[in-house]
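In: sequence? don't have it. structure:
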């Protein structure tokens, strides 16, 4: 048997629930080949389980005792492919959103999405943070064409359930909160402010302006987009208010003047 | 003690620890007797954030070496160029004294088992691994260290012992060896060979680093958990290793059930206490 065939057989014996024995593996008086291989079978599942628990604390809080069974099902049906074990979590929200029986509990996919967004923000690339002082000396006539540049690590999620409350409860070791479905979908911003991962809800006008900023629209265009939500006289003050909030939150990385 | 001495150019670092999140703050405030640190490469092969911030702090204070778990040098899948590029990038940032990984495969067909799977000790596997080590060393621009793994399975068509295989890889690919003393003990128990035969079979000129660790006993097999204190038999084997290889950079590798740093420092001091008289006698 070639090295390739041998490795493929062992792989299948570890992944599959009922795989044929691998004849090349030796048994001896201490232990037979099957029980020796079981060390690797169990190790694979335990390692993935442990890695995913630490990436999905909100989901663990929400599911309670069902969490382990769900993970077992995910790990059993979705082999890991990334060299970094925690990246096996990248597919969990989709698994919960599309697979039975979990898709009948849509709050689970919501929760997994938020947990994962927080996880990938944690070690996203470091970026500069724009401070208010960086804009202080900008000439008045430069503002109309100014392009604000949001952090590249910024993520926007649309959530139907109060999964943010579950995540907070998990982070603070509080008791399990009560599940609530929001009357209307809520949008959340997830980003990294220096080294701290942060998240907060954003309302419709901020979402619209932020999308425009991400697309590289000018400051004047951002202000104009707010007219959809506010009387014209209130658009600029609202934009100024949002800008202050973004600067305080560390959401912006810089600006360009063209 | 053997007269054969290490002929490679890498420095002797003394006694160190595997860097773990649980000890970040204590280690910076009260490093005790820790002379160097081994970092798990994959934990820092990330774009940014806290992991790299901490890494920089330790880089300023300690000599560092990089230890990987995912190179999969023995896999029949192609070498992962993306992985190697990130590893090389991290090495440029860390400037480690050396880079190590394991003599094993971690997956095939694109699947990662996140485990250190043993190879069949055959000529085919040897040729395959030697070629890949050479290619990795070309990418990294330096010799790497390969570590012996604990294992629970053996293959019917093995033509070499594990130590013959490890030595042949090191000699043919011109790489170095990280000997995990605990892993030798665990595999010797599980497969019924003599750990002293293992030590006798490894050329001192290739041995650059020792790992010391604990393990777990199951009903029949020893399981390499790295989650317990080092047992007396492994300390004795460590002494035997020093008798054969002389002064080798030594570290304690604890991966789970993490005790307070002070407990590991006591173990590290014990390693130093055991080794010093032997090394002085040989000097």
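Out: Noted; the coordinates are in hand. Fair warning: this is a prediction, and the values are worked out from it, not measured in the lab.
In: Where do the strands of the stretch 51-200 of chain B begin and end?
Out: B:64-67, B:99-102, B:105-108, B:111-117, B:145-147, B:176-180 (DSSP state E, counting those that start in this stretch).
In: quick one: which of those is nearest residue A:58?
Out: Evaluated over those, closeness to residue A:58 peaks at strand B:111-117, with 23.5 Å, by Cβ to Cβ. Where you see a C-beta, it was placed from the backbone N, CA and C, and this is true even at glycine.
In: Point out the other elements, helices or strands, that that closest one touches.
Out: helix A:3-15, helix A:33-55, strand B:105-108 (3 or more Cβ pairs under 8 Å, 6 or more residues apart in numbering or on different chains; DSSP states H and E).
In: mean confidence for the second one?
Out: Just to be clear, that refers to helix A:33-55. For helix A:33-55, mean pLDDT is 93.
In: Give me the residues contacting the next helix or strand after that helix.
Out: Following helix A:33-55 in sequence order, the next helix or strand is helix A:57-63 (DSSP states H and E). Helix A:57-63 is contacted from outside by A:53, A:67, A:70, A:92, A:107-108, A:111-112, A:114-115, A:163, A:166-167, A:169-171, A:176, A:179, using Cβ atoms under 8 Å, 6 or more residues apart in numbering or on different chains.
In: residues from the stretch 101-250 of chain A in reach of chain B?
Out: For the stretch 101-250 of chain A, the contact set with chain B under Cβ under 8 Å from any Cβ of the partner chain comprises A:122, A:123, A:124, A:125, A:126, A:127, A:192, A:195.
In: Can you tell me which of these has the most neighbours?
Out: Counting neighbours by other Cβ atoms under 10 Å in any protein chain shown, residue A:192 leads these with 27 neighbours.
In: ok, back up a step: tabulate the helices and strands packed on strand B:111-117 (TSV), appending distance to residue B:158 and mean neighbour count.
Out: Formatted as TSV, those follow (distance: least, Cβ to Cβ, whole Å; neighbours: other Cβ atoms under 10 Å in any protein chain shown):
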stretch	distance to residue B:158	mean neighbour count
helix A:3-15	11	19
helix A:33-55	14	18
strand B:105-108	15	24
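In: Take these and write them to CSV, including distance to residue B:23.
Out: Converted to CSV, the helices and strands packed on strand B:111-117 look like this (distance: least, Cβ to Cβ, whole Å):
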stretch, distance to residue B:23
helix A:3-15, 32
helix A:33-55, 17
strand B:105-108, 26
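In: among those, which is nearest residue B:55?
Out: Minimum separation from residue B:55 across the helices and strands packed on strand B:111-117 (Cβ to Cβ) falls at helix A:33-55, 19.4 Å.
In: Which parts of the helix or strand harbouring residue B:280 count as buried, going by neighbours?
Out: Assigned by DSSP H and E, residue B:280 belongs to helix B:261-282. Going by neighbour count (16 or more other Cβ atoms under 10 Å in any protein chain shown), the buried part of helix B:261-282 is B:261, B:264, B:265, B:267, B:268, B:270, B:271, B:275.
In: per-residue confidence at the fifth one?
Out: In this case it means residue B:268. Residue B:268 is given a pLDDT of 96.
In: ok now do the nearest residue to it once chain neighbours are set aside, which residues does it touch?
Out: Excluding its sequence neighbours, the residue lying closest to residue B:268 (Cβ to Cβ, 6 or more residues apart in numbering or on different chains) is residue B:15, at 5.2 Å. By Cβ under 8 Å, 6+ apart, the contact set of residue B:15 is B:33, B:34, B:35, B:36, B:249, B:250, B:251, B:268, B:271, B:272.
In: how about residue B:15, phi and psi?
Out: In terms of degrees, to the nearest 10, the main-chain angles of residue B:15 are phi -120, psi 130.
In: Let me know the distance separating it from residue B:265.
Out: Remark: distance between residue B:15 and residue B:265 (Cβ to Cβ, to the nearest Å) = 10 Å.
In: What of residue A:86?
Out: Distance of residue A:86 to residue B:265, computed by Cβ to Cβ: 29 Å.
In: could you flag which of the contacts of residue B:15 are buried?
Out: B:34, B:35, B:36, B:249, B:250, B:251, B:268, B:271.
In: where does the stretch 151-283 of chain B come near chain A, residue by residue?
Out: So the stretch 151-283 of chain B meets chain A at B:152-157, B:190-192, B:218, B:220-221, B:223 (Cβ under 8 Å from any Cβ).
In: change it to 6 Å
Out: Within reach of chain A by Cβ under 6 Å from any Cβ of the partner chain, the stretch 151-283 of chain B has these residues: B:152, B:153, B:154, B:155, B:156, B:220, B:221.
In: What does the pLDDT read for the third one?
Out: Okay, so that is residue B:154. At residue B:154, pLDDT is 94.
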